[in-house]
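Asks: predicted structure and sequence below. I'll ask about it afterward.
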Amino acid sequence: MSRLETPTQTTLADHTTLRLGGPARAFAVAGTTAELLDAVRSADGPVLLLGGGSNLVVGDAGFPGTVVKIATRGWRIDGTEVEVAAGQNWDEFVAATVEAGFGGLECLSGIPGSVGATPIQNVGAYGCEVAELLTSIDCYDRRTGEVRRMTADELGFGYRTSVLKGTDAGIVLSVRFALRGDGLSAPIRYAELARTLGVEPGARVPAARAREAVLTLRRGKGMVLDPADHDTWSAGSFFTNPIVAEIPRALVGVEMPRYPADGGVKLSAAWLIERAGFAKGHPGPGGRVALSTKHTLALTNRGPASTADLLALAREVRDGVRDRFGVTLRPEPLLINCSL
């Protein structure tokens, strides 16, 4: 059986990287797949699945249902395919694959959270997405009560999304990846990473070398968790890079980062935020929240803050970009019992 805790014991601020969020009505910790299924099936009312808490913004009122902490761990390697438990810490897993001589996931180093969250929003960084290596998942379908296997094609991956995002109807139990057995990285596509490595875009390097370069870049942007550094008290990039069908009038003829994308052109959210007048460290209400001093895409808790403070800053940035450029930024993390 999963372990239940009373609301007075569990404040969601203690379980999110933003260190924000009110109490849970009930809280269960599931250390095995059987415990996870039991906790979900027996829950009374709404259920919130919690991994590493790195992609959640939880309202100050908390969650009026059962929060299930997925604490399953471990992986199994068969040739170059690996099956990983949903609750496994993501970066620990990536580090282990690199150390074991496999390549493919190194550009996703340093991302906080759990393995089970990665297919939900097609986690990506430095020119790589999990969709490129994920082969299938095992998923519990709450509508039918059955566990079924879903292939990558069935997951409907898009930019920071999948068919699982925004719904709790499907619960990820385990994930399978096809890795590279030669110990080399995926082709280096991201220009900043290529410059750091001193290689041309498209080159492949030892996976361990690429991982260290990625971690160095992420640390420089406050994107590797550090309890002593408030720049890492965030949900990572708060806004996704917007994809527009055509360049807005205010940006026609302007030299700026832009990339081809399904449905149009992908713009840089960080560039838009900075050019709309929001510099690194821009403060929110009372200085309790602020844009990271290292990276304008991260909204950070400087403490002691509330979720309301964070959302007020997010609205200021979103509205400022929309008013300046006619582009509406969308949040990347899931908003739980709150809205933007």
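Replies: Yep, that arrived.
Asks: helices of the stretch 151-300 of the chain, residue ranges please.
Replies: With DSSP state H, counting those that start in this stretch applied, the stretch 151-300 of the chain shows helices at 191-197, 207-220, 269-275, listed in chain order.
Asks: I'd like those helices laid out as a markdown table, including mean neighbour count and mean pLDDT.
Replies: Just so you know, the C-beta spots here come from the backbone N, C-alpha and C atoms, and that holds for glycine as well. Putting the helices of the stretch 151-300 of the chain into a markdown table (neighbours: other CB atoms under 10 Å; pLDDT from 0 to 100) gives the following:
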| stretch | mean neighbour count | mean pLDDT |
| --- | --- | --- |
| helix 191-197 | 16 | 97 |
| helix 207-220 | 20 | 97 |
| helix 269-275 | 20 | 97 |
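Asks: closest to residue 88 out of the ones you listed?
Replies: Taking CB to CB, helix 207-220 is the member of the helices of the stretch 151-300 of the chain nearest to residue 88, at 17.2 Å.
Asks: what's the neighbour count on the closest residue in space to residue 267 that isn't next to it in sequence?
Replies: Of all residues not flanking residue 267 in the chain, residue 242 sits nearest, at 5.2 Å (CB to CB, 6 or more residues apart in numbering). Using other CB atoms under 10 Å, residue 242 has 20 neighbouring residues.
Asks: residue 242 touches residue 331, doesn't it?
Replies: No: assessed by CB atoms under 8 Å, residue 242 is found out of contact with residue 331, at 11.7 Å.
Asks: now for the protein: which helix has the highest residue count?
Replies: Counting residues, the longest helix found in the chain (DSSP state H) is helix 307-325.
Asks: will you turn the helices of the stretch 151-300 of the chain into TSV that also has distance to residue 144?
Replies: Compiled in TSV, the helices of the stretch 151-300 of the chain are given as follows (distance: least, CB to CB, whole Å):
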stretch	distance to residue 144
helix 191-197	42
helix 207-220	39
helix 269-275	38
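Asks: sorry, back to before: after the longest helix of the chain, next one along is what?
Replies: Sequence-wise, the next helix or strand downstream of helix 307-325 (DSSP states H and E) is strand 334-336.
Asks: contacts for that next one next, please.
Replies: 21, 48, 55-59, 63, 166 (CB atoms under 8 Å, 6 or more residues apart in numbering).
Asks: mind doing that once more with 7 Å?
Replies: For strand 334-336, the surrounding residues in contact (CB atoms under 7 Å, 6 or more residues apart in numbering) are 48, 55-59, 63.
Asks: neighbour-wise, which one of these leads?
Replies: Counting neighbours by other CB under 10 Å, residue 58 comes out on top of these with 29 neighbours.
Asks: identify the bridge partners of that one.
Replies: residue 336 (DSSP bridges).
Asks: residue contacts, it?
Replies: Residue 58 neighbours (CB under 7 Å, 6+ apart): 12, 16, 20-22, 307, 336-337.
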